[in-house]
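> below is the sequence, then the predicted model.
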Amino acid sequence: MYEASLPPWTASCAILRCMSLNTIELTSGPAPQASIIILHGLGADGEDFVPICHELDLSAAGPVRYVLPSAPAIPVSINGGYVMRAWYDIRQPGQGPREDEAGLRQSQQAIHALIEREIAQGIPASRIVLMGFSQGCAMALMTGLRYPQRLAGIVALSGYLPLLDTTAAERHEANIHTPIFMAHGQDDDVVLMSRGTQSRDHLASLGHAIDWHDYPMDHTLCLEEVQDLQAWLNQVLAST
């Protein structure tokens, strides 16, 4: 993971609970005008992206609330049933259906509730970005495309589109034109870039606007990626 040098931070930080998800909240100033919900990868937790929140300069978009939930701890089949934080199970070949559809849909509902909570606190859906890394990327794409109100944007980092074959039928028309930032490491050996480009191409074939980036890195983030993401976030939040 890219390590940021943390500037002075004037935000408040609180531990919250939403649909059984332990959730960290950071704000870059009083009276936030936008929210970014960030979903971590397999085995991580809400703390994982705190340094990135500090590093991002989104002053052009006004004060921002960052919402960083932690996935529940569940047995993960591909890791021998070891219990870790995960948005859904990952199965070994031959263990039944490759994708854990029930787990995916359960997490979708919990993330949907996080979006609803931000709206209840006065942030319109059009000022909310859903962002995720690896497994979190899968959940950001799945939930964002199906959400019934238009979001400001979806950020998909080093991951893929789950339940790919049901996306066309289940996506909501409200988010057909929502901008999507997708980024992947060229040397990623955890989620191969070919799976990311397959997801990109499928979404593009359905008419979604994809801003694609790839970098000479493995399953992580890099400085150039964070800078590109910052520019994209300022653009989509300034235009909503």
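Yep, it's here. Numbers count the residues shown, from 1 in each chain.
> C-alpha from now on. contacts and neighbour counts both.
Noted.
> in the helix ranked longest in the chain, what counts as buried?
What stands out as the longest helix in the chain, according to DSSP state H, is helix 101-120. Of the residues in helix 101-120, those buried under the neighbour-count criterion (16 or more other Cα atoms under 10 Å) are 104, 105, 107, 108, 110, 111, 112, 114, 115, 118, 119.
> now swap in stretch 158-171 and tell me
Within stretch 158-171, the residues that count as buried by 16+ other Cα under 10 Å are 158, 159, 160, 161, 162, 167, 171.
> tell me how far it lies from the chain's centre.
Mean-position distance between stretch 158-171 and its chain equals 14 Å (Cα atoms, centre = their mean, to the nearest Å).
> follow-up on the earlier one: contacts for the longest helix of the chain?
Contacts of helix 101-120 with the rest of the structure, by Cα atoms under 8 Å, 6 or more residues apart in numbering, involve 18-19, 21, 35, 37, 87-89, 124-125, 128, 139, 142-143, 147, 163.
> quick revisit: need the buried residues of helix 101-120 in CSV (columns: pLDDT).
CSV is the format used below for these (pLDDT from 0 to 100):
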residue, pLDDT
104, 97
105, 96
107, 96
108, 97
110, 95
111, 97
112, 96
114, 96
115, 97
118, 96
119, 97
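> what's the closest of the buried residues of stretch 158-171 to residue 231?
Taking Cα to Cα as the measure, residue 231 sits nearest to residue 158 out of the buried residues of stretch 158-171, at 18.4 Å.
> I'd say the closest one and residue 195 touch.
No. Here residue 158 does not reach residue 195: they are 9.4 Å apart, not a contact under Cα atoms under 8 Å.
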